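Undergrad: Mind looking at a prediction? Sequence and model below.
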Amino acid sequence: MSSITYAEKLKDPRWQKCRLKILERDNFTCKWCGDDKLTLHVHHIEYQKGCAPWEYENEKLITLCEKCHEIQHLEGTYLEIGRAHV
């Protein structure tokens, strides 16, 4: 039996629906820097083993621009909302 990759899970309609809900909740704006022009990502604040991307509570998901999302993964720590990156 083949395993579905994480990238394939992100194409699942259930994730796309969840992602849109979070983007709408956050007014299509990065919750870290306030940018609304860069590509936006929905970030999982913490990962839960065995959970599909769309199975998280909304409070565990946040909209970040691609730049802040990259910084968050490089730093490996949760970013404070409203903190402007340099």
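TA: Perfect, thanks for sending it.
Undergrad: Do a quick rundown of the helices in this structure.
TA: Counting by DSSP state H, one finds helices in the chain at the ranges 6-9, 13-25, 66-75.
Undergrad: who touches the second one?
TA: Under the contact criterion Cβ atoms under 8 Å, 6 or more residues apart in numbering, helix 13-25 has outside partners 9, 40, 42, 52-54, 56, 58, 61-63. The C-beta positions use only the backbone N, C-alpha and C, and glycine is treated the same way.
Undergrad: Now a PyMOL select for only the buried ones of the residues you listed.
TA: In PyMOL, this line selects whichever of the contacts of helix 13-25 come out buried by 16 or more other Cβ atoms under 10 Å:
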select buried, resi 40+42+53+54+56+61+62+63
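Undergrad: right, and the pair among the contacts of helix 13-25 with maximum separation?
TA: Every pair in these was compared (Cβ to Cβ); the two farthest apart turn out to be Leu40 and Ala52, at 20.6 Å.
Undergrad: residue ranges with poor pLDDT in the protein?
TA: 1-2, 76-86 (pLDDT under 70).
Undergrad: Let's see that with 80 instead.
TA: Under the criterion pLDDT under 80, the flagged ranges of the chain are 1-2, 75-86.
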